[in-house]
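Enquirer: got a sequence here, can you model it:
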Amino acid sequence: MIESSDFRNARIPLTNGSGDIPVLGFGTLIPNPAVTIAATRDALAAGFRHFDCAERYRNEHEVGGALEEGLAAGGIARADIFVTTKLWNSNHRRERVEPAFAASLEKLRLNYLDLYLIHTPFAFHPGDEHDPRDQSGNVIYDRDVTLLHTWRALESLVDHGKCRAIGLSDIGLNKLLPLYESARIKPAVIQVESHPHLPETDLLAFCKDKGIVLLAFAPLGHGMRPGPLDDPVILAIAARVGKTPAQVLLACAARYGFADHAQNCGPRAGEF
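Expert: Below is the predicted model:
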């Protein structure tokens, strides 16, 4: 549980990785390049120190440029920020993982990554097409690679000092359990949608037991209406404590067990 009421500065140690992760993060699923640059720059200036990115978002170049410029302008050290990005489904084969990682690192203008996540536990047909489909419009999956094979490639990135921690996104407990048992380097972070309407209770309990940070994307609700922001209980708490419903939800995520890490991603963050 986070004791500090100042979530802007609170961090959680990564038991299965090096360093610590800021409690609040800024998600970068922003379709417009110019808005991506401005929003990332503004988030850094506002005090955000965790930036959640992904190959799939197709804007790592813009995020990297904004971070590089913002760090220099604000006199902020690279060690003071925490950058996450994600491996996309079409790069799950072991021989494709390191090139995909290197491409993300180059676009982000970094020489190491704080956290690298497998974006989803599903492998797509390998190649440069992010959304491979057959003539009937069905996704073409890669049946010749397992999640553990991909995980072994991520472990190698940690072994060689290229990233400090690894984890998975959009995964349920049923797929996580066998991977966790077989992993040499255990996941440091599991990222899933989590909020009072989707508490992920069993997954949270497992993560707490194993020292894994549960990173909540869309803690304000995934664009659902009515959603957590409209919940009468949340509204009543916000009125009583003089905060916004969003602030209440973020505090709930960080402190009370819906998630150990609340990511301020916006209504559609975490979609793929």
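Enquirer: please make it C-alpha for all contacts and neighbour counts, starting now.
Expert: Noted.
Enquirer: my read: residue 61 touches residue 103, true?
Expert: No: the pair residue 61 and residue 103 does not pass the contact test of C-alpha atoms under 8 Å, sitting 9.9 Å apart.
Enquirer: neighbour count winner among these two?
Expert: For residue 61 versus residue 103, neighbours defined as other C-alpha atoms under 10 Å are more numerous around residue 61 (20 against 15).
Enquirer: that one belongs to a helix?
Expert: Yes: assessed by DSSP: H, G, I helix; E, B strand; the rest coil, residue 61 belongs to a helix.
Enquirer: the nearest residue in space to it that is not next to it in sequence: neighbour count?
Expert: With C-alpha to C-alpha, 6 or more residues apart in numbering as the criterion, residue 61 has its nearest non-adjacent residue at 4.4 Å, and that residue is residue 107. A count of nearby residues for residue 107, using other C-alpha under 10 Å, gives 17.
Enquirer: so who does residue 171 touch?
Expert: By C-alpha atoms under 8 Å, 6 or more residues apart in numbering, the contact set of residue 171 is 120, 121, 190, 191, 192.
Enquirer: for the last one, which non-adjacent residue is closest in space?
Expert: The spatial neighbour of residue 192 that comes closest, neighbours along the chain excluded (C-alpha to C-alpha, 6+ apart), is residue 170 at 5.0 Å.
Enquirer: show the backbone phi and psi for that neighbour.
Expert: Main-chain dihedrals, residue 170, degrees, to the nearest 10: phi 50, psi 40.
Enquirer: so what's it scoring on pLDDT?
Expert: pLDDT recorded at residue 170 is 96.
Enquirer: what about it, how many residues nearby?
Expert: 18.
Enquirer: so how far is residue 161 from the closest residue to residue 182 other than its chain neighbours?
Expert: Excluding the flanking residues, the one nearest residue 182 by C-alpha to C-alpha, 6+ apart is residue 148, at 7.6 Å. Noted for residue 148: a distance of 20 Å to residue 161, by C-alpha to C-alpha, to the nearest Å.
Enquirer: more neighbours, these two?
Expert: Legend: neighbour count by other C-alpha under 10 Å for residue 148 and residue 161, higher for residue 148 (16 against 11).
Enquirer: this structure: strands as residue ranges?
Expert: 11-13, 20-22, 24-27, 50-52, 82-87, 115-118, 166-169, 189-193, 213-217, 261-264 (DSSP state E).
Enquirer: which residues are in contact with the fifth one?
Expert: Applying C-alpha under 8 Å, 6+ apart, the contact partners of strand 82-87 are 21-22, 49-56, 97, 100-101, 104, 113-119.
Enquirer: residue contacts, residue 96?
Expert: Residue 96 neighbours (C-alpha under 8 Å, 6+ apart): none.
Enquirer: hmm, try it at 10 Å
Expert: Contact partners of residue 96, counting by C-alpha atoms under 10 Å, 6 or more residues apart in numbering, are 87, 90, 126, 127, 150, 153.
Enquirer: what number of residues lie near residue 78?
Expert: Residues near residue 78, counting by other C-alpha under 10 Å: 16.
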